[in-house]
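Trainee: Here is my input; please provide its structure:
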Amino acid sequence: MAYRLRWRPEGILPGAHPGHGEGAEGQFRRHVPLLRQPDPRRIDLRVSLRDPFGELHVRQFAPRRTVPVAALVDLSGSMRFGGAVAGRVADLCALVALSAVRAGDSFALFGADARLREEVTLPLARRRGLEEEVRERLLTARPGGTGTEGLMDAAARLPGRRGLVFLISDFLMPPVALERLLDALWRHDVVPVILRDGGVEERLPRWGLIELGDLETGRARLVVMRPGLRARWIEAAAARRRALAALFARRGLRPVELGDALDADALAQRLMEG
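Mentor: Alright, predicted model coming up:
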């Protein structure tokens, strides 16, 4: 799965992404006069011979660089619903890790609830088999508790140079907390990944007795479902999605929805759009 950056990375390590500056190798950028870039090794004779003024032209390239890639995973109690972390989230993060390593990029994993979960954390690396380590960490992760403050600690551990960050959550956190987290990630290219479960909305019964459990506090209660209540719940969920979309849009972020199963083709298409 390839991904396209909307910016040119800095650094010195050779990689797969067109970077800042000019180089002798990399992605061809344009022809420039020899006087502008005095490197006779890059003279293009065919272009130079076509110049009506007899000026010599050289090929100019954009050097290719690596970027750090990271996944910040919300492990608060609400993420326990439907076994999403051990299923879809583990699949997604393993796929991103594999793609990063194949592109020559490094990948890091950070899991957090109210604190940074060290047992679900892997520092930046690009070794073979990293995707299986990532999958194993998430398969054994146990979401629980309240709060997502640990994601702020994860943001502080990211490298100083700009990277690609996947922020994976159901985003049920308060808007103020989300704004603070995005402020902490200002340096990076953030891809919000919104977890959705069809059982919460599309498959709600019109009539019936439903036991509701708050996965963060552990409290439970019985609710008599009826058409009017069902409609209000669905509308409230839709309003929450609209508010979240507006928040991301104000920051120029384009989220990805992760439904009941990982659609790798749709994700790849979105990432290639930059």
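Trainee: Show me the chain divided up by domain.
Mentor: 22-62, 68-196+256-272 (automatic domain parsing).
Trainee: okay, those domains, which one's buried deepest?
Mentor: Comparing the domains of the chain by mean neighbour count (mean count of other CB atoms under 10 Å), domain 68-196+256-272 comes out on top with a mean of 19. Heads up, the C-betas are built off the backbone N, CA and C, glycines and all.
Trainee: which residues in the stretch 151-274 of the chain form helices?
Mentor: 175-184, 227-250, 264-272 (DSSP state H, counting those that start in this stretch).
Trainee: Just the strands from the stretch 1-150 of the chain, written as ranges.
Mentor: Secondary structure of the stretch 1-150 of the chain, counting by DSSP state E, counting those that start in this stretch: strands at 14-18, 27-33, 57-62, 64-65, 68-74, 106-112, 116-125.
Trainee: how near is the residue most central in space within the chain to Ala103?
Mentor: Geometric centre of the chain, nearest residue: Phe166, 1.9 Å, by CA atoms, centre = their mean. From Phe166 across to Ala103, the span is 15 Å (CB to CB, to the nearest Å).
Trainee: Need the domains of the chain in CSV (columns: distance to Ala2).
Mentor: Listed next are these as CSV, based on distance: least, CB to CB, whole Å:
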stretch, distance to Ala2
domain 22-62, 14
domain 68-196+256-272, 6
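Trainee: Of all these, which one is nearest Pro9?
Mentor: In terms of CB to CB, the element of those nearest to Pro9 is domain 68-196+256-272, at 6.6 Å.
Trainee: how long is the closest one from one end to the other?
Mentor: Distance between the two ends of domain 68-196+256-272: 17 Å, counting by CA to CA, to the nearest Å.
Trainee: Stretch 145-153 now?
Mentor: So stretch 145-153: terminal residues 17 Å apart, CA to CA.
Trainee: which residues touch it?
Mentor: With CB atoms under 8 Å, 6 or more residues apart in numbering as the test, stretch 145-153 has contacts from 72, 74-77, 110, 112-117, 167, 169, 173, 177, 180-181, 184, 216-217.
Trainee: Isn't Arg42 up against Arg59?
Mentor: Yes. Contact criterion CB atoms under 8 Å: Arg42 and Arg59 qualify, at 4.7 Å.
Trainee: any idea how far the residue nearest to the centre of the chain is from Leu195?
Mentor: Here Phe166 is placed at a distance of 12 Å from Leu195 (CB to CB).
Trainee: for Ala249, same thing?
Mentor: Noted for Ala249: a distance of 19 Å to Leu195, by CB to CB.
Trainee: show me where pLDDT drops low in the stretch 51-200 of the chain?
Mentor: 198-200 (pLDDT under 70).
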